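# Need coordinates for the below:
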Amino acid sequence: MGKGRPSFIFALALLGWLPFFVGLLSICKKGTRLDLLLMADIPVSGAVFMLTYAAIALSFLGGITWGHTMIRRWMAPDSLWPDKILYVWSLLIHWAGWFSLLLGPRSIAFIWLGVCYVAQWVVDFRLSRWEEIPVWFGQVRSVFSPVAIFSLFLVGYLLKI
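Purely as a prediction, here's the structure:
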């Protein structure tokens, strides 16, 4: 797994891929509805399933940035990034995830989320590289983000054709 990368965190991150794969598979198998599997009261397509999960996960990543910013003065008092920038960023990325749920057509929403995931990945990678957050966090994000980003762009393309 690599030095300094907690195995438990890595295993949990693996589970984070599951909704991306389930959503992608159900989109590729046109007409598959997930509401029966989920025992939902409303129809849930693979696209809705994946889009809502991706938006919530992006909001979660923004929350990590917010939480890091709250405690970073004790961890990295000589930070390269001003707190205000990171607070604003964490709120904007949170809103970007929510906004994706309002976008139509769905293909645009997936592409929008893909772009947002790339942006958040860049922020997390830089913070990790500058050791303002644990280096292992950047490593975990660098393993899992490309899969999520690829899935989002692929679904955006598949829904367009």
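# so where's this structure uncertain?
1-5, 31-44, 73-81, 161 (pLDDT under 70).
# residue nearest the centroid of the protein?
Residue closest to the average C-alpha location in the chain (C-alpha atoms, centre = their mean): residue 58, at 3.8 Å.
# and that one, what element?
Under the criterion of DSSP states H and E, residue 58 resides in helix 46-75.
# Output the contacting helices and strands for that helix.
helix 7-28, helix 83-100, helix 106-129, helix 135-160 (3 or more C-beta pairs under 8 Å, 6 or more residues apart in numbering; DSSP states H and E). Bear in mind the C-beta positions are built from the backbone N, C-alpha and C, glycine included.
# who wins for proximity to residue 70 among those helices?
Comparing the helices and strands packed on helix 46-75 by their distance to residue 70 (C-beta to C-beta), the top pick is helix 83-100, with 8.8 Å.
# Can you show me the CA trace of the closest one as PDB?
The C-alpha coordinates for helix 83-100 follow below in PDB (Å, rounded to 0.1, in the frame of the first residue of the first chain):
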ATOM      1  CA  ASP A  83      -7.700  30.900   5.400                       C
ATOM      2  CA  LYS A  84     -10.300  33.000   3.600                       C
ATOM      3  CA  ILE A  85      -9.500  31.500   0.200                       C
ATOM      4  CA  LEU A  86      -9.900  27.900   1.600                       C
ATOM      5  CA  TYR A  87     -13.200  28.800   3.400                       C
ATOM      6  CA  VAL A  88     -14.600  30.400   0.300                       C
ATOM      7  CA  TRP A  89     -13.400  27.400  -1.900                       C
ATOM      8  CA  SER A  90     -14.900  24.800   0.400                       C
ATOM      9  CA  LEU A  91     -18.300  26.600   0.200                       C
ATOM     10  CA  LEU A  92     -18.100  27.100  -3.600                       C
ATOM     11  CA  ILE A  93     -17.300  23.500  -4.200                       C
ATOM     12  CA  HIS A  94     -20.100  22.500  -1.900                       C
ATOM     13  CA  TRP A  95     -22.500  24.700  -3.900                       C
ATOM     14  CA  ALA A  96     -21.100  23.400  -7.200                       C
ATOM     15  CA  GLY A  97     -22.100  19.800  -6.200                       C
ATOM     16  CA  TRP A  98     -25.600  20.900  -5.300                       C
ATOM     17  CA  PHE A  99     -25.900  23.000  -8.500                       C
ATOM     18  CA  SER A 100     -25.200  19.900 -10.600                       C
END
